[in-house]
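J.: this one's sequence-less:
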């Protein structure tokens, strides 16, 4: 009968256990490092998405139906009348176009928003660019807009942008 060398068997089992622990530790560490890396990437992306949302949100000051110092469209309402007269401010429209390109391309925030959200901003930009082209010889500070449907469409686009931006950055 064969005699078992217990000393050698225990040492072999110890080596095998050490190798098993090392392999398990390697895979556990690798998995944890991957999870941490994915978490860092996700955190970075979320931070950039929030910055992008804030940058695009600041552009809404130019196109809001509520008048402010940046409003591209301002309005007046004559006493006793329900209709409003809308005026276009070319200087501020040009400023909006410039800042939109800066936010989207130069700062790279366009990478972090969905195509549908960016498209809404560029649809609005196309409208005001068309007005600027049509009125390129007009040197007035304010230009009367006679197309009420276009003004309504611009304000509808603004409302859609607000909703889309809120969806982009999630619940705040």
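T.: Noted; the coordinates are in hand. Everything numeric here is computed off the predicted structure, so don't read it as measured data. Residues are numbered from 1 along each chain as shown.
J.: pLDDT below threshold where in this protein?
T.: Along the chain, the model assigns pLDDT under 70 to residues 1, 171-172.
J.: Go through it and flag its longest helix.
T.: Among the elements of the chain assigned as helix by DSSP state H, the one spanning the most residues is helix 6-63.
J.: next helix or strand past that one?
T.: Heading C-terminal from helix 6-63, the first helix or strand you meet, by DSSP states H and E, is strand 73-76.
J.: Give the pairing partners of the helix or strand following that following strand; include direction for each.
T.: As assigned by DSSP H and E, the chain's next helix or strand after strand 73-76 is strand 85-88. In the sheet, strand 85-88 lines up against strand 73-76 (antiparallel), strand 143-145 (antiparallel) (DSSP bridges).
J.: would you list the ones you listed in TSV and tack on distance to residue 27 and mean neighbour count?
T.: (C-beta placed from N, C-alpha, C; glycine too.) What follows is the strands paired with strand 85-88, written out as TSV (distance: least, Cβ to Cβ, whole Å; neighbours: other Cβ atoms under 10 Å):
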stretch	distance to residue 27	mean neighbour count
strand 73-76	61	16
strand 143-145	66	15
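J.: Does residue 91 touch residue 141 like I think?
T.: Yes - using Cβ atoms under 8 Å, residue 91 is in contact with residue 141, at 7.1 Å.
J.: What are the neighbouring residues in contact with the spatially most central residue of the chain?
T.: Nearest to the mean C-alpha position of the chain, by Cα atoms, centre = their mean, lies residue 113 at 3.5 Å. When contacts are counted by Cβ atoms under 8 Å, 6 or more residues apart in numbering, residue 113 touches 49, 52-53, 56, 165, 168.
J.: again, 10 Å this time
T.: 49, 52-53, 55-56, 103-104, 119-121, 164-165, 168-169 (Cβ atoms under 10 Å, 6 or more residues apart in numbering).
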